[in-house]
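>>> quick one, structure for this:
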Amino acid sequence: MKIRKFLPFAILLVLSLFLVSHGFAQEAAEAEAAAGEEFHQQTVLEMIMHGGPLIIMIWLAIVGTSITMVTFVIQNILTLRKEKIAPPALVQSLRETISAGNYQEAWEICNANRNYLANVLGAALTRIGRGKEAVEDAIVEHGLREATLIRTRNSYLSVIGVVSPMIGLLGTVIGMMGAFSVLGKSGITDPRALSTSIGEVLLATASGLFIAIPAFVAYYIFRNRSQMVIVHGDDVVNELVSDIPYDELSGVQIGEAFSAGGAGDAAPGARQSRKVSVALTTNCPVCNGAVNPGQNPCPHCGATLQWAQ
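Predicted structure coming up:
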């Protein structure tokens, strides 16, 4: 699934959190006003605007980071499931097709789907004619590639967990510069202005940690979850290819360049086998013409075919 599908949900969630925090700040200000306090409690938005252009840019970066984090969390929740890695309906269809010996049809089914199972199994089916070892190598090779893609999406959460405190720390440094500037101008005669600048510092730091902590928690949760679903996908792929008769399929090409092997690859004058598997091919091994399973003799060259049962 593409990340942009989840952006509206992430933006809505982040805005909701911001409005809730903004509402809490307003309630606190109203409570202090009702108590008769003269000091004006600034809201979160007022603190941000008071900090100047640099603080505003830092807060935009914090909001963007939080939206990205929520987006990846939603994406991982929806995609890191066994039903997405190996859909039960697809597994059943492939199991029936492979059991019937329709390997080209199984490859076409895989080619029409885009998930872990289809990508790995489709690559393995293209090497059936090379033997069991080649198929196992294809499973390992393409399984590792698909697993890397899955883990890469999750690793961005770790990056967010590292970067967001640094963004908050940058806001802290800029806020401290403002606080010391106020202290240098008015000394300690204006503690309210100094406390406002310190409040901006603490708010930026807290915001960075507010993003980093759930990002790291989500990263470790989804890391374990991704490993679990990858193992499940590998088990399904190995189960589907476990009973393939590799010796009977030597020379067969599955995929875009489909070929059932046979006479077309034999040397001129060489004696050719006429034994054909019903579950394997509908091509005559002598003239490579199309024949229906069980048909005898070949309608093209008249050769007598021995159909395996």
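>>> low-scoring pLDDT stretches of the stretch 1-150 of the chain, where are they?
1-52 (pLDDT under 70).
>>> let's go with 90 and repeat that
1-64, 79, 99-102, 104, 114, 129-131 (pLDDT under 90).
>>> quick one: the helices in it?
7-34, 44-50, 53-79, 82-85, 88-99, 103-111, 116-125, 132-186 (DSSP state H, counting those that start in this stretch).
>>> got the angle between the last one and helix 53-79?
Same thing as helix 132-186. Counting by axes from the mean of the first three to the mean of the last three CA atoms, to 10 degrees, helix 132-186 lies at 150 degrees to helix 53-79.
>>> helix 132-186 packs against which elements?
Counting contacts by 3 or more CB pairs under 8 Å, 6 or more residues apart in numbering; DSSP states H and E, helix 132-186 is packed against helix 53-79, helix 116-125, helix 191-241. In short, each C-beta sits where N, CA and C put it, glycine included.
>>> alpha carbons only: can I get the second one in PDB?
Extracted as PDB, the C-alpha positions of helix 116-125 are listed here (Å, rounded to 0.1, in the frame of the first residue of the first chain):
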ATOM      1  CA  TYR A 116       5.100 -11.600  -0.300                       C
ATOM      2  CA  LEU A 117       3.800 -15.100  -1.200                       C
ATOM      3  CA  ALA A 118       3.200 -14.300  -4.800                       C
ATOM      4  CA  ASN A 119       6.500 -12.600  -5.400                       C
ATOM      5  CA  VAL A 120       8.600 -15.300  -3.800                       C
ATOM      6  CA  LEU A 121       6.700 -18.300  -5.200                       C
ATOM      7  CA  GLY A 122       6.500 -16.800  -8.700                       C
ATOM      8  CA  ALA A 123      10.300 -16.400  -8.800                       C
ATOM      9  CA  ALA A 124      10.700 -20.000  -7.500                       C
ATOM     10  CA  LEU A 125       8.400 -21.500 -10.200                       C
END
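>>> if we can go back for a sec, let's have the helices and strands packed on helix 132-186 in a markdown table, adding distance to residue 153 and mean neighbour count.
Shown next, in a markdown table, are the helices and strands packed on helix 132-186 (distance: least, CB to CB, whole Å; neighbours: other CB atoms under 10 Å):
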| stretch | distance to residue 153 | mean neighbour count |
| --- | --- | --- |
| helix 53-79 | 7 | 19 |
| helix 116-125 | 13 | 24 |
| helix 191-241 | 9 | 18 |
